[in-house]
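Colleague: Got a sequence here, can you model it:
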Amino acid sequence: VQLVESGGGSVQAGGSLSLSCAASGGTFRTYGIGWFRQAQGKEREFVAGLNHKGDIAYYSDSVKGRFTISRDNAANTMRLRMDKVKPEDTAVYYCTVTRYSEYVGPSDSQYDDWGQGTPVTVSS
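Modeller: Numbers count the residues shown, from 1 in each chain. So this is what the prediction gives:
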């Protein structure tokens, strides 16, 4: 599966930003999906996961209540809506898919294909 992110950029703290990811080359509707991020000098960390139907989501504590993961299986796309952003949200964000359709967890080893990443910078 090929994944291409878009929507990254710069935003002020407290603002909002939406990231999108377009999938091609596979059966997107059967995959679990996720978003991860990696800040400079830090390890990649889980942000959010969503099952293939889009009815079970899981968020890291650091973004719960501020970020929303969603998907459109008809359009083979996924989205990460980021609200009330903070400077510590600054990172490169990656979309990913897993063949385990119900998996929504934080283990990056369970995910199979990754996008190239899109940078997000939050200024204070």
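Colleague: Ala57 and Glu102: what is the separation?
Modeller: In this view, Ala57 and Glu102 are 12 Å apart by C-beta to C-beta, to the nearest Å. Any C-beta I mention is one placed from the backbone N, CA and C, and that applies to glycine too.
Colleague: what sits in contact with each of these two?
Modeller: Asn51 (C-beta atoms under 8 Å, 6 or more residues apart in numbering).
Colleague: The two - which one has more neighbours?
Modeller: Taking other C-beta atoms under 10 Å, Ala57 and Glu102 do not tie; Ala57 has more neighbours (17 against 11).
Colleague: Contacts only, for the spatially closest residue to the more buried one that is not a sequence neighbour.
Modeller: Spatial nearest neighbour of Ala57, excluding adjacent residues (C-beta to C-beta, 6 or more residues apart in numbering): Leu50 at 4.9 Å. If a contact means C-beta under 8 Å, 6+ apart, then Leu50 has Gly32, Ile33, Gly34, Ile56, Ala57, Tyr58, Ile69, Ser70, Arg71, Met78, Val104 as its contacts.
Colleague: Emit the PyMOL select command for whichever of those are buried.
Modeller: In PyMOL, a selection of the buried entries from those looks like this (16 or more other C-beta atoms under 10 Å):
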select buried, resi 32+33+34+57+58+69+71+78+104
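Colleague: Go through the contacts of Leu50 and name the one nearest Ser24.
Modeller: Closest approach between the contacts of Leu50 and Ser24, by C-beta to C-beta: Met78, at 12.5 Å.
Colleague: Next one: the residue nearest to Ala57 from Gln40, what distance?
Modeller: Using C-beta to C-beta, one obtains 27 Å as the distance from Leu50 to Gln40.
Colleague: Could you verify my assumption that Thr68 touches Arg81?
Modeller: Yes: between Thr68 and Arg81 there is a contact under C-beta atoms under 8 Å: 4.3 Å.
Colleague: what's near enough to touch the closest residue to Thr96 other than its chain neighbours?
Modeller: Spatial nearest neighbour of Thr96, excluding adjacent residues (C-beta to C-beta, 6+ apart): Tyr111 at 4.2 Å. Contact partners of Tyr111, counting by C-beta under 8 Å, 6+ apart, are Gly34, Phe36, Thr96, Val97, Thr98.
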